[in-house]
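Visitor: give me a 3D structure for the following:
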Amino acid sequence: MLKLSQAHYDALRAHGEETYPHECCGILLGHVGAEVNEVVDVMRAGNTRTDSAHNRYHIAPQELIKAQREGRKQGLEIVGFYHSHPDHPAQWSTTDFAEAHWFGCSYVITAVAQGKAAVTNSFLLRGTSEEDKQFVDQEVLVLS
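Guide: Numbers count the residues shown, from 1 in each chain. As a prediction, this is how the structure comes out:
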């Protein structure tokens, strides 16, 4: 399960609307648990993809390092990532899967239809290596 506040949920969805028709992306900081990834902070990241920003995203390594440092200061860790799918379903693509490497992390995708956030889904990356990794559907619990 992925647990986050209504404010964090709204923030990542709004980010997708703001960057439409390009994909947005960001980092989720919080606590990783055996059954629950809990989001405590949402950090926006810049999409560094210039060749196909409408259907791909990339977070610069410097932003990942910055997020890790910020997290450590607060006693948090990276629990996941989010991005949007402009005019596409909130399902992971073969590219999303190929570029997912953070085992135990949640990968949140929001479908943004004609500029409006629609469905938001989360997928947990399970496995121990590139050979056995898999995405599994993850329940999203939004707290008021």
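Visitor: and whatever helix or strand Ala117 lives in, what's buried?
Guide: Counting by DSSP states H and E, the element that carries Ala117 is strand 116-126. In terms of neighbour count (16 or more other C-beta atoms under 10 Å), strand 116-126 has its buried residues at 117, 120-125. (Glycine included, C-beta is placed from N, CA and C.)
Visitor: adding pLDDT and distance to Leu143, write those residues out as a markdown table.
Guide: Listed next are the buried residues of strand 116-126 as a markdown table, based on pLDDT from 0 to 100; distance: C-beta to C-beta, whole Å:
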| residue | pLDDT | distance to Leu143 |
| --- | --- | --- |
| Ala117 | 98 | 18 |
| Thr120 | 98 | 15 |
| Asn121 | 98 | 18 |
| Ser122 | 98 | 14 |
| Phe123 | 98 | 20 |
| Leu124 | 97 | 19 |
| Leu125 | 97 | 23 |
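Visitor: distance of the residue nearest in space to the middle of the chain relative to Glu131?
Guide: The residue lying closest to the centre of the chain (C-alpha atoms, centre = their mean) is Tyr82, at 1.7 Å. For Tyr82, the distance to Glu131 equals 26 Å [C-beta to C-beta, to the nearest Å].
Visitor: swap in Pro86?
Guide: 32 Å.
Visitor: so for these two, which sits in the more crowded spot?
Guide: A count of neighbours by other C-beta atoms under 10 Å puts Pro86 above the other of Pro86 and Glu131, at 21 against 6.
Visitor: doesn't Asn55 make contact with that one?
Guide: Yes. Shown here, Pro86 and Asn55 form a contact pair, counting by C-beta atoms under 8 Å, at 7.5 Å.
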